[in-house]
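Student: Here is my input; please provide its structure:
(chains A and B)
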Amino acid sequence: MSAETATPSRLTDAPGATHARTGAAGARSMRAVLPALLRKELLVELRTLQAVPGMSLFALSTFVVFHFALNRGTVAGDLAAGVLWVTLLFAALLGVNRLFVADADQGGFDGFLLAPAEPGAMLIAKALTLLAYLVVLEIVAVPAFGLLLLGPSLGRALPDLIWVLALADLGVAAVGTLVSAIAVQTRARDLLGPLLALPLLVPIVIGAARASEPLLAEGHVGHPAARWLLMLGLYDLVFGLIAYALFDFLLED
Amino acid sequence: MHPARRGIRSRIGTAELAVATVVTLTAALALVFFYAPLEAEQGFLQKIFYVHVPLAIVSLCGFVLGGIFAIAHLRTRRAVWDYRSYVSIHISLVFAAATLITGSIWAKGSWGHWWVWSEPTLVSFLIVFLLYATYQPLRFAIEDPERQARYASVFAVTAGAFVPLNFIAVRLSTAYLHPRVLGSTSNLPGPMALTFLVSLVAFALLFATLCSFELQMKRTRAHVRALRRRLSFEGAASRAATSSRSAAPRLPATAPRSGGLA
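Tutor: Below you'll find the model as predicted:
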């Protein structure tokens, strides 16, 4: 499919027409476009180092703030889960706010719209980028949390905690990408992003904090209850589908 | 025929709806105070149940309805669906605020605290309220009317799907700690159930009437703007259109916008 034929069809077709084009050609375009987009996103981040170092540093500073605000040397159990997830959530919001800024300010959206590519490819590339940010953030922040604040040993909690982190990251990536794409086109983008994202992410906080509570308790009380993991999985699925279904409509101009 | 004028002519239902609301609401209040028996444990205080729970149910349905209208808007691109979505969410937000206030009064009366975190419905409502409270700021922050409508619809669909999921999450987080006291409607005795049902219908009608009034007001305003534009010069009309400070979607004064791009 050449650029000349594909571009006008997406610009003028009725909504939903992009879905109709999925099929063999759509899948091919997705396979070709997705790695290119992902490479571009990661390359931009590697060259500018705007988001991930900031998020990690923010998380470390927040641990220090928590130490003084709570006036404790160590935390455990529900308090530890709360401190960890509040920190990760707010650090993630920094990344969410930056996710589309370059595309909005420097013509990235226009460039993408001119290319013969599925809008969904941009969503998936951005969500995977945010996921990568979150993984790097957690590689820094979780050991730092174990070192600075956590009373019980992190090593025993880690095998189960990784699952909770992974499920929560998927949800944050889906919702964060959608919210970021909405907020970046508004006048008050730095304000609206967190305002929209925080209530939407409350179920993630509930599920993740409750699931990691027994893992971070003194003596490692047990495994996370299955219902929290199920809830996180359900959230990831629902918002993943919603983000995929709605993203086309955010990319139309 | 002019679309705005046709809209006004077809809105003859508002008056009937208003009358039905007044009648049902009066009947509901009469039933609440003179027919429904006093509850054994909470006594008179329990009567707030007939206001609080219908408000909550109607407001939640209104939020979901706003999401459904938003889907229709995204599919058809007709501005009128965005309008309905906006009005539905707007009135639901008012109802949600009333739900929070009545719930808070009930909590103070029965537990002695204005706010209790152990009541999952109330907590879910607070989260949903906080989410929908960003709907109007979001609309304010996008200048292009077409994009504003589109983005608002995307938000309305996302938030509409969030409502049930959020309720599951919050319910799960508290259900195993405290027995549920408020809002259990399944085992009501007959007179209480009847009163509750009439009250629910009354608040649903109130919601419909308020939506209808607001829609009619917006339509009339769009009609007036269209007439004014026909009277004045193009430049004066566009100045008038940009000077009105409202997050509400505007119906196009002439034909509805087609899905094309500027």
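
Student: pLDDT below threshold where in the chain?
Tutor: By default, I'm working from chain A. Applying pLDDT under 70 to chain A flags the ranges A:1-28, A:221, A:253.

Student: actually it's chain B I care about, not the one you picked
Tutor: B:1-12, B:174-187, B:233-262.

Student: make it 50
Tutor: Residue ranges of chain B with pLDDT under 50: B:1-9, B:177-183, B:254-262.

Student: Can you tell me the centre-most residue of it?
Tutor: Geometric centre of chain B, nearest residue: B:Ser92, 1.8 Å, by C-alpha atoms, centre = their mean.

Student: and if you look at chain A?
Tutor: Nearest to the centroid of the C-alpha atoms of chain A, with distances taken as C-alpha atoms, centre = their mean, sits A:Ala173, at 2.3 Å.

Student: hang on, isn't it packed against A:Leu131?
Tutor: Yes: applying C-beta atoms under 8 Å, one finds A:Ala173 in contact with A:Leu131, separated by 4.3 Å. Using the backbone N, CA and C atoms, a C-beta is placed for each residue, glycine as well.

Student: surely B:Ile68 meets B:Gly160?
Tutor: Yes: counting by C-beta under 8 Å, B:Gly160 is a contact partner of B:Ile68 at 7.1 Å.

Student: Give me the common contacts of those two.
Tutor: Counting by C-beta atoms under 8 Å, 6 or more residues apart in numbering or on different chains, no residue touches both B:Ile68 and B:Gly160.

Student: quick one: which of these two has more around it?
Tutor: The residue with more neighbours, out of B:Ile68 and B:Gly160, is B:Gly160; 24 against 16, by other C-beta atoms under 10 Å in any protein chain shown.

Student: re earlier: quick check: the residue nearest to the centre of chain B vs chain A, distance?
Tutor: 15 Å (C-beta to the nearest C-beta, to the nearest Å).

Student: Disregarding residues adjacent in the polypeptide, which is nearest to that residue?
Tutor: Once flanking residues are discounted, B:Ser92 sits nearest to B:Gly62: 3.2 Å by C-beta to C-beta, 6 or more residues apart in numbering or on different chains.

Student: Just list the residues touching that neighbour, thanks.
Tutor: B:Ser88, B:Ile89, B:Ile91, B:Ser92, B:Phe95, B:Phe207.

Student: residue boundaries of the helices in chain B?
Tutor: B:3-10, B:13-30, B:49-76, B:79-111, B:120-132, B:135-140, B:145-175, B:190-231, B:234-243 (DSSP state H).

Student: Same check on the stretch 101-250 of chain A?
Tutor: With DSSP state H, counting those that start in this stretch applied, the stretch 101-250 of chain A shows helices at A:101-105, A:108-114, A:119-148, A:154-183, A:189-212, A:226-250, listed in chain order.

Student: Any chance of JSON lines for these, columns distance to chain B?
Tutor: Output for the helices of the stretch 101-250 of chain A, formatted as JSON lines (distance: least, C-beta to the nearest C-beta, whole Å):
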{"stretch": "helix A:101-105", "distance to chain B": "12"}
{"stretch": "helix A:108-114", "distance to chain B": "10"}
{"stretch": "helix A:119-148", "distance to chain B": "12"}
{"stretch": "helix A:154-183", "distance to chain B": "6"}
{"stretch": "helix A:189-212", "distance to chain B": "4"}
{"stretch": "helix A:226-250", "distance to chain B": "5"}
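
Student: Tell me which of the ones you listed lies nearest to B:Pro120.
Tutor: Closest to B:Pro120 of the helices of the stretch 101-250 of chain A is helix A:189-212 (C-beta to C-beta; 10.7 Å).

Student: what's the closest one packed up against?
Tutor: helix A:77-98, helix A:154-183, helix A:226-250, helix B:120-132, helix B:135-140, helix B:145-175 (3 or more C-beta pairs under 8 Å, 6 or more residues apart in numbering or on different chains; DSSP states H and E).

Student: try 6 Å this time
Tutor: Here helix A:189-212 touches helix A:77-98, helix A:154-183, helix A:226-250, helix B:120-132, helix B:145-175, going by 3 or more C-beta pairs under 6 Å, 6 or more residues apart in numbering or on different chains; DSSP states H and E.

Student: could you dump these to TSV with distance to A:Leu198?
Tutor: Shown next, in TSV, are the helices and strands packed on helix A:189-212 (distance: least, C-beta to C-beta, whole Å):
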stretch	distance to A:Leu198
helix A:77-98	8
helix A:154-183	10
helix A:226-250	15
helix B:120-132	8
helix B:145-175	12
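
Student: out of these, which comes closest to A:Val140?
Tutor: Among the helices and strands packed on helix A:189-212, helix A:77-98 sits nearest to A:Val140 (C-beta to C-beta), with 9.6 Å.

Student: Tell me which residues are up against that closest one.
Tutor: For helix A:77-98, the surrounding residues in contact (C-beta atoms under 6 Å, 6 or more residues apart in numbering or on different chains) are A:51, A:54-55, A:58-59, A:62, A:66, A:75, A:133-134, A:137, A:145, A:150, A:172, A:176, A:180, A:190, A:193-194, A:197, A:205, A:208-209, A:212-213, A:216-217.

Student: circling back: so which of the contacts of B:Gly62 comes closest to chain A?
Tutor: B:Ile89 (14.2 Å; C-beta to the nearest C-beta).

Student: Wait, the closest one touches B:Gly66, no?
Tutor: Yes: look at B:Ile89 against B:Gly66 with C-beta atoms under 6 Å: they come within range, at 3.9 Å.

Student: ok, B:Ser153 - contacts?
Tutor: So B:Ser153 contacts B:Ala70, B:His73, B:Leu74 (C-beta under 6 Å, 6+ apart).
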